[in-house]
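[1] Here is a sequence together with a model predicted from it:
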Amino acid sequence: MKQKIFVFDTTLRDGEQSPGAKLTTAEKIQLALQLENLGVDVIEAGFPISSPGDFKSVDEISKIIKKATICGLTRAIKGDIDAAVAALIKAKRPRIHTGIGVSDIHIKYKFKSTREKILLQGIEAVKYAKKFVEDVEFYAEDAGRAENEFLAKMITAVIDAGATVVNIPDTTGYCFPDEFGEKIKFLKENVPNIDRAIISVHCHDDLGLATANTLSGIINGARQIEVTVNGIGERAGNTSLEETVMAIKTRQNYLPYYTLVKTEEILKTSKMVSLIMGIPVQPNKAIIGANAFAHSSGIHQDGIIKRRENYEIIDPKSVGVTKSQIVLTARSGRAALRHKLEKLKINMTKEQLNQFYEKFLELADIKKEIFNNDLLNLYESKSIKSS
Ligand code: KIV
Ligand code: ZN
């Protein structure tokens, strides 16, 4: 039987930490409403202690969103938790996301502390948050570089303290997929109370491995994924929502999981995030890039015209893209040219098409892309008669 993967969207928190991505409360509300339409399970709305503006955003989003869980981030500090509790007070389903660094690098150089003290601080934070809300997620920051035995000790202790979700972040994007999967497997096998919590994975893309690591996490037992729209986030970004959700949907024969994301809303959400944050999407970005369903070489175009599945593993409509595109360039072949001409109601014999193709190539060698108007002009100027 297929198992559900919970989608925890952190576009409004980790995503907003991208340089230049700062959002106003009104913008955050607009995006939160679209994230709810998209069908994510959890919206991490912000970090309430970080600024009065972010507190207000979490408060307003808590009032408006009805279906999704609303989550506020905190450090393992009482004042942070108090701020999150106040900001989430009107949420139908509130979650506090608290945690602390667990790698020796963080413990030694960031906190100038010891493993024992960090362990106690983590436990105290969960116990304190639990006084106010039932749903408490604990993040073991920099788990990717942490020693597995200490990580397991920490996770066991915070689940005993009441954590409902345990987040294993690869904060610095350091792990390789097998290594990260092994870490999740290690926790499944070495944390005695692990069945009382959901394992979450939160990966960063410093080595371009965030999606691969997230999928490896799922295969090894994680049931929540922390993602952002367009993969935006600190430094090289977070795991992209669209990539992981579509990987799960597209490869159901390989991965027996599903999410509740309405994938037809993906492109609309991506465009909204890009526009509001002022961060363009690269054309070759998987799923949502302008070229994700565009075909420009002759061999591929011929294949696509014969049957879309020859070169596409995803139906563009399933992510909100109207249709695949045939782009005419100097690498295009006669099949694509004929296809475009027929759409313009110009029919040619084989001989006429061969002649026209020569002229087309001359122009295509000068211009990067040939549009319908170019074809019409070329057709008029060469006075090739339709059959
Ligand atoms: O990357 C990270 O470790 C985080 C935590 C705050 C969850 O964003
Ligand atoms: Zn992060």
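    Nice, I can see it. Ligands and ions are numbered 1, 2, ... in the order given.
[2] Give the rounded mean pLDDT of the helix or strand where Ala129 lies.
    Assigning secondary structure by DSSP states H and E places Ala129 in helix 115-130. Average pLDDT, helix 115-130: 98.
[3] and if you look at stretch 188-203?
    Rounded mean pLDDT across stretch 188-203 is 98.
[4] what sits up against the following helix or strand past the helix holding Ala129?
    Next in sequence after helix 115-130, counting helices and strands by DSSP H and E, comes strand 135-141. For strand 135-141, contacts defined as C-beta atoms under 8 Å, 6 or more residues apart in numbering pick out 69, 71, 93-103, 106, 122, 125-126, 129-130, 146, 151, 154-155, 158, 162-169, 171, 200, 202. For every residue, glycine as well, the C-beta is placed using N, CA and C.
[5] Could you pull out the buried residues of the helix holding Ala129?
    The neighbour-count check on helix 115-130 (16 or more other C-beta atoms under 10 Å) flags 115, 118-119, 121-123, 125-126, 128-130 as buried.
[6] What about the contacts of strand 135-141, which are in strands?
    Residues from the contacts of strand 135-141 lying in strands, with DSSP state E as the criterion: 69, 71, 94-101, 165-169, 200, 202.
[7] filter those residues by proximity to ligand 1?
    Contacts with ligand 1 within the ones in strands among the contacts of strand 135-141, counted by C-beta under 6 Å from any ligand atom: 167, 169, 202.
[8] The first one: what's it in contact with?
    Under the criterion of C-beta under 8 Å, 6+ apart, the neighbours of Asn167 are 97, 99, 137-140, 200-202, 224, 226.
[9] of all these, which comes closest to ligand 1?
    Of all the contacts of Asn167, ligand 1 sits closest to Tyr139, with 3.8 Å by C-beta to the nearest ligand atom.
[10] Not counting its neighbours along the chain, what's nearest that closest one?
    Distances taken as C-beta to C-beta, 6 or more residues apart in numbering put Gly99 closest to Tyr139, at 3.2 Å, once the chain neighbours are dropped.
[11] surely that neighbour meets Gln121?
    No. The pair Gly99 / Gln121 is not scored as a contact, 9.9 Å apart, by C-beta atoms under 8 Å.
[12] Pull up the overlap in contacts between these two.
    With C-beta under 8 Å, 6+ apart, Gly99 and Gln121 have common neighbours Ala76.
[13] For the stretch 251-387 of the chain, which residues are neighbours of ligand 1?
    Counting by C-beta under 6 Å from any ligand atom, the stretch 251-387 of the chain has no residue next to ligand 1.
[14] give me the low-pLDDT residue ranges for the stretch 251-387 of the chain?
    Within the stretch 251-387 of the chain, the segments meeting pLDDT under 70 span 382-387.
[15] What segments of it are helices?
    Secondary structure of the stretch 251-387 of the chain by DSSP state H, counting those that start in this stretch: the helices cover 266-277, 298-306, 334-343, 350-366, 372-382.
[16] how about those helices, which one is nearest Ile248?
    helix 266-277 (12.8 Å; C-beta to C-beta).
[17] Please determine how far the nearest residue to Glu265 once chain neighbours are set aside is located from ligand 1.
    Using C-beta to C-beta, 6+ apart and skipping the chain neighbours, the partner closest in space to Glu265 is Leu38 (4.6 Å). Separation of Leu38 from ligand 1 (C-beta to the nearest ligand atom, to the nearest Å) stands at 21 Å.
[18] Which residues are in contact with Leu38?
    For Leu38, the contacting residues are 9, 261-262, 265-266, 269, by C-beta under 8 Å, 6+ apart.
[19] which phi and psi does it have?
    Torsion angles at Leu38 (phi, psi; degrees, to the nearest 10) stand at phi -70, psi -30.
[20] Now do it, the pLDDT please.
    With respect to pLDDT, Leu38 has a value of 98.
[21] same deal with the one 4 residues further on?
    At Val42 the predicted local distance difference test score is 99.
[22] what about it, how many residues close to it?
    By the measure other C-beta atoms under 10 Å, the count of residues near Val42 is 24.
[23] and the gap between it and ligand 1?
    Noted for Val42: a distance of 12 Å to ligand 1, by C-beta to the nearest ligand atom.
[24] wait, isn't that residue in contact with Gly72?
    No. The pair Val42 / Gly72 is not scored as a contact, 11.1 Å apart, by C-beta under 8 Å.
[25] shared neighbours of these two, anything?
    Joint contacts of Val42 and Gly72 (C-beta under 8 Å, 6+ apart) are Arg95.
[26] Tell me the buried residues in stretch 183-202?
    183-187, 191, 194, 197-202.
[27] typo on my end, it should be stretch 202-217
    202-206, 209-217.
[28] that older thread, show me what the helix holding Ala129 packs onto, helices and strands only.
    helix 78-87, strand 94-101, strand 135-141, helix 148-161 (3 or more C-beta pairs under 8 Å, 6 or more residues apart in numbering; DSSP states H and E).
[29] what about dumping the CA coordinates of that helix to CSV?
    Taking Å, rounded to 0.1, in the frame of the first residue of the first chain, the C-alpha atoms of helix 115-130 are listed here in CSV:
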residue,chain,number,x,y,z
ARG,A,115,27.1,17.7,24.0
GLU,A,116,25.6,17.1,27.4
LYS,A,117,24.4,20.8,27.8
ILE,A,118,23.1,20.9,24.2
LEU,A,119,21.1,17.6,24.9
LEU,A,120,19.5,19.2,28.0
GLN,A,121,18.7,22.4,26.1
GLY,A,122,17.0,20.5,23.4
ILE,A,123,14.9,18.5,25.8
GLU,A,124,14.0,21.6,27.8
ALA,A,125,12.9,23.4,24.7
VAL,A,126,10.6,20.6,23.6
LYS,A,127,9.1,20.2,27.1
TYR,A,128,8.5,23.9,27.3
ALA,A,129,6.9,24.1,23.8
LYS,A,130,4.7,21.1,24.7
